[in-house]
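In: Next one to model:
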Amino acid sequence: MEVFSNILSILAALVVLSILVMVHELGHFGVGRLLGFSIQEFAIGMGPKIFSRKKGETLFSIRALPIGGMCQFYGEDKAAEDTKSFTAQKPWKRFLVILAGPLMNMLFALLFAIVTLSAYGNLVPAVAEAPEETSPAAIAGVKAGDILWAINGDRIEYVSDASEKIRLVEENQLVVTVERDGVKQDILVQNIYNEEAGRNLIGVSITSVRKHFGFFEAIGESFFYVGSMVREMFGFFGGLFKGQVSSGDVMGPVGTISFISAVVRTNFEVILRLSILLSVNLAMINLLPLPALDGGRLVFITIEGIRGKPIKPEREGMVHFIGLMLLFALIIFLTFSDIRALITGGY
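Out: The predicted model follows:
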């Protein structure tokens, strides 16, 4: 029975990943159709076809392996054979078509964030108990249950984030924005430097509480929610380029599917939040200016716009091919790392 449950979890994980990739490809497809591009095939899944139907000039197909999808444009990575060819289209059109994939993932993340925040709310930092009467927070009027929104106008994302922002204030006072009884207010807290501790302290203990959002409030909050994930990704990329990220910090396909399959056994809220995170990751990774990724293609189109003429499609295609081979090599390396981690209990 447990084996059957594991198989179902893995299949569910593949479905989640396939949906996210399909959303990405729908971005390319939708903008391509809107701008008059010729699309040869739009496929859900990879591998051999198990169902296909042609509508107009486009073949719509479902393939055997639920691990992604594709949107194949006519004349992609080839010299412009005729006016319908992908490379014959104006640079700004190609730029928008390629950019549409990652943007669709970001839009998907925002829509799911609105649904999640409307249905489940979000954990936000709040004052756990009444501050001591002599503490800077109590003197200023901070109370137990106050939700902490910002320090000196800088939005607080996590519980640990609140302490860090307080510590980094250089003056001996700060303005803390709190929400009390549904109303936000700014409170000036003075004499925050504690000589005995050698750092800023306002005298509150901070915990997480679940705040629920109305639909329209959730729309605004979704931008912050998704934006925090984007900032985390930038932080990760920065650490990667500085050599502060090891192979153990990165999951390959096996590790990702294993992680998602574990998540889908929990509850629907966690699945929604993970889908948002994965969709943001898919968008951000595809925007990296590396060959074979959408970001690499955008770089070539930008160079074309600056030069006033395109780089030969054969050369660009070769660069993307080499990039794709390196990407496959990285995937294989990460796959072996995933398997080793699974065997040794690293995940």
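
In: Which parts of stretch 62-69 count as buried, going by neighbours?
Out: By 16 or more other C-beta atoms under 10 Å, the buried positions in stretch 62-69 come out as 63, 66, 68-69. (Glycine included, C-beta is placed from N, CA and C.)

In: Go ahead and name everything in contact with that stretch.
Out: With contacts defined as C-beta atoms under 8 Å, 6 or more residues apart in numbering, stretch 62-69 is touched by 11, 14-15, 17-18, 21-22, 24-25, 42-52.

In: ok, 7 Å please
Out: For stretch 62-69, contacts defined as C-beta atoms under 7 Å, 6 or more residues apart in numbering pick out 14-15, 17-18, 21-22, 25, 43-51.

In: Likewise for stretch 197-208?
Out: 123-129, 131-132, 135-138, 142, 148, 159, 162-163, 166-167, 169, 189, 192-194.

In: what about it, distance to the chain center?
Out: 31 Å (C-alpha atoms, centre = their mean, to the nearest Å).

In: in that stretch, what's buried?
Out: Going by neighbour count (16+ other C-beta under 10 Å), the buried part of stretch 197-208 is 200-204, 206.

In: Next: stretch 75-93.
Out: Buried residues in stretch 75-93, counting neighbours by 16+ other C-beta under 10 Å, are found at 75-76, 85-89, 93.

In: cool, and stretch 111-126?
Out: For stretch 111-126, using 16+ other C-beta under 10 Å, the buried residues are 111-118, 120-122, 124-126.

In: pLDDT, secondary structure and distance to V319 for the buried residues of stretch 62-69 - can I get that in JSON lines?
Out: Below are these laid out as JSON lines (pLDDT from 0 to 100; DSSP: H, G, I helix; E, B strand; the rest coil; distance: C-beta to C-beta, whole Å):
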{"residue": "R63", "pLDDT": "86", "secondary structure": "strand", "distance to V319": "27"}
{"residue": "P66", "pLDDT": "72", "secondary structure": "strand", "distance to V319": "30"}
{"residue": "G68", "pLDDT": "72", "secondary structure": "strand", "distance to V319": "22"}
{"residue": "G69", "pLDDT": "81", "secondary structure": "strand", "distance to V319": "24"}
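
In: Adding distance to R180, write these out as CSV.
Out: Shown next, in CSV, are the buried residues of stretch 62-69 (distance: C-beta to C-beta, whole Å):
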residue, distance to R180
R63, 55
P66, 48
G68, 48
G69, 48
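
In: M233 sits in which helix or strand?
Out: M233 is part of helix 215-241, with elements assigned from DSSP states H and E.

In: That helix packs against which elements?
Out: If contacts are counted by 3 or more C-beta pairs under 7 Å, 6 or more residues apart in numbering; DSSP states H and E, helix 215-241 sits against helix 91-120, helix 268-286.

In: center of this protein - which residue?
Out: Centroid check for the chain by C-alpha atoms, centre = their mean gives V280 as the closest residue, at 1.6 Å.

In: Go ahead and confirm it touches S228.
Out: No - applying C-beta atoms under 7 Å as the test, V280 and S228 come out as separate, 9.7 Å apart.

In: joint contacts of the two?
Out: Between them, V280 and S228 share no contacting residue under C-beta under 7 Å, 6+ apart.

In: Determine which two of the buried residues of stretch 197-208 are furthest apart.
Out: For the buried residues of stretch 197-208, the farthest-apart pair by C-beta to C-beta is N200 and I206; their separation is 13.7 Å.

In: returning to that earlier point: in strands, which of the contacts of stretch 62-69 fall?
Out: Per DSSP state E, strands hold the following members of those: 43-51.

In: Closest one of the residues you listed to L272?
Out: I44 (21.5 Å).

In: For T177, list each beta-bridge partner.
Out: Applying DSSP bridges to T177 gives these bridge partners: A150, D186.

In: Around it, how many other residues sit close by?
Out: 19 (other C-beta atoms under 10 Å).

In: can you check G235 too?
Out: Count around G235 with other C-beta under 10 Å applied: 11.

In: Could you measure from it over to L278?
Out: Using C-beta to C-beta, to the nearest Å, G235 is found at 17 Å from L278.

In: F51 now?
Out: If you measure F51 against L278 using C-beta to C-beta, the figure is 26 Å.

In: Would you agree R297 is in contact with L99?
Out: No - between R297 and L99 there is no contact under C-beta under 7 Å: 9.4 Å.

In: so which helix or strand takes in E304?
Out: E304 belongs to helix 294-307, assigned by DSSP H and E.

In: So what touches that helix?
Out: 91, 94-95, 98-99, 101-102, 286-290, 310-311, 316, 320, 323.

In: picking up where we left off before, select only the buried ones of the contacts of stretch 62-69 in PyMOL?
Out: To isolate the buried ones among those in PyMOL, judged by 16+ other C-beta under 10 Å, type:
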select buried, resi 14+17+18+21+22+25+43+44+45
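
In: so what's the closest residue to N281 other than its chain neighbours up against?
Out: In this structure, N281 finds its nearest non-sequential neighbour in M233, 6.6 Å apart by C-beta to C-beta, 6 or more residues apart in numbering. Contact analysis of M233 by C-beta under 7 Å, 6+ apart lists 280-281, 284.

In: for A292, helix, strand, or coil?
Out: coil (DSSP: H, G, I helix; E, B strand; the rest coil).

In: Neighbours of it, how many?
Out: Under the criterion other C-beta under 10 Å, the count of neighbours that A292 has is 17.

In: Good, wrapping up.
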